[in-house]
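Chemist: Have a look at this prediction, sequence included:
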Amino acid sequence: MARKLTFDIFRYNPQDSQSKPHTDTFHLDETDSMTIYIALNKIREEQDPSLQFDFCCRAGICGACAMVINGRPGLACKTLAKELPDHITLMPLPVFKLVGDLSVDTGTWFRAMNEKVGSWIHTDKTFDPTALEERMDNDRAEEIYELERCVECGCCVASCGTANMHEDFLGAAALNRIARFMLDPRDERKNKEYFEVIGTDEGIFGCMGLLACEDVCPKELPLQDQLGVLRRKMGWTAVKKLFRRG
């Protein structure tokens, strides 16, 4: 017999002066392979068409449907109802600007972050469209691809204690981006240029090491490993500088 699921869903429209933050309760019969995304669509189609939430790909590769599910940031399309108790609470991601109900604006935050860390190949070479592509060592390419899998869902930012307290904290997603470009042989920036961006309390020194970012990452990226790599590289750069002075 199918379970009866109870959903407590956050509701608030910040553009409506009459709207007040609250939760609405909905009930659904669980179906085979039901995800939170499927449940939300059923609620919107059958019970409340005004419910706001974001989605796009339904395959865990766009990051649009990220929300807090029973207190844990995650993707609605990847979270199965059978993995949860029959009482489910859904809240919007913190840190990001609320659009309405479960919908938040992650795009503005990630655009600003990518601009701050210079999330593109920095080179003085003139692009020649007729030239052959530059070859890259396969192992290096796989290392870069591993970090490139970030879908910018915002789960790591929403779960971060520092990001929740300090709006200027870059977060694990930004440090992961820096680590990705430090690996790329096409990027001509020096370590000093990278560390000028992240070698502050807004960057690697602001992390409290709670590991929540890696725990909730839907792509299982090695976020804490990359933080450690960046700290070691910055330490070695400082040591070498001291020896050169000596």
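Modeler: Good, I have the coordinates. Numbers count the residues shown, from 1 in each chain.

Chemist: State the helix or strand in which the closest residue to S19 other than its chain neighbours lies.
Modeler: Take S19 and drop its neighbours on the chain: the residue closest to it by Cβ to Cβ, 6 or more residues apart in numbering is N13, 4.2 Å away. Just so you know, the C-beta spots here come from the backbone N, C-alpha and C atoms, and that holds for glycine as well. Assessed by DSSP states H and E, N13 sits outside every helix and strand.

Chemist: Pop out the phi and psi values for N13.
Modeler: The phi/psi pair for N13 (degrees, to the nearest 10) reads phi -110, psi 100.

Chemist: L98 is in contact with that one, correct?
Modeler: No - using Cβ atoms under 8 Å, N13 makes no contact with L98, being 9.1 Å away.

Chemist: Quick one: end-to-end distance for stretch 7-17.
Modeler: Terminal residues of stretch 7-17 lie 25 Å apart, using Cα to Cα, to the nearest Å.

Chemist: Make 270 the first number, not 1, from now on.
Modeler: Done: numbering now begins at 270, and the last item shifts to stretch 276-286.

Chemist: Of all the residues in that stretch, which ones are buried?
Modeler: F276, I278, F279, R280, Y281, N282 (16 or more other Cβ atoms under 10 Å).

Chemist: and what of stretch 394-407?
Modeler: Buried residues in stretch 394-407, counting neighbours by 16+ other Cβ under 10 Å, are absent.

Chemist: What mean pLDDT does that stretch get?
Modeler: Regarding stretch 394-407, the rounded mean pLDDT is 90.

Chemist: Now do it: distance to the chain's middle.
Modeler: Put simply, stretch 394-407 sits 31 Å off its chain's centre (Cα atoms, centre = their mean, to the nearest Å).

Chemist: can you pull the alpha-carbon coordinates of that stretch into CSV?
Modeler: Written as CSV, here are the backbone C-alpha positions of stretch 394-407 (Å, rounded to 0.1, in the frame of the first residue of the first chain):
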residue,chain,number,x,y,z
LYS,A,394,48.0,34.6,-27.1
THR,A,395,46.1,35.7,-30.2
PHE,A,396,43.4,33.3,-31.2
ASP,A,397,44.0,31.7,-34.5
PRO,A,398,40.8,29.9,-35.8
THR,A,399,42.9,28.1,-38.5
ALA,A,400,45.4,26.6,-36.1
LEU,A,401,45.2,23.1,-34.7
GLU,A,402,43.9,22.7,-31.2
GLU,A,403,46.6,22.6,-28.4
ARG,A,404,47.1,19.1,-27.2
MET,A,405,46.8,18.4,-23.5
ASP,A,406,48.1,15.5,-21.4
ASN,A,407,45.1,13.1,-20.9
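
Chemist: contacts for it?
Modeler: For stretch 394-407, the surrounding residues in contact (Cβ atoms under 8 Å, 6 or more residues apart in numbering) are P454, R455.

Chemist: Flag the shaky bits of the chain, pLDDT-wise.
Modeler: Where the chain drops to pLDDT under 70, the residues are 270, 507-515.
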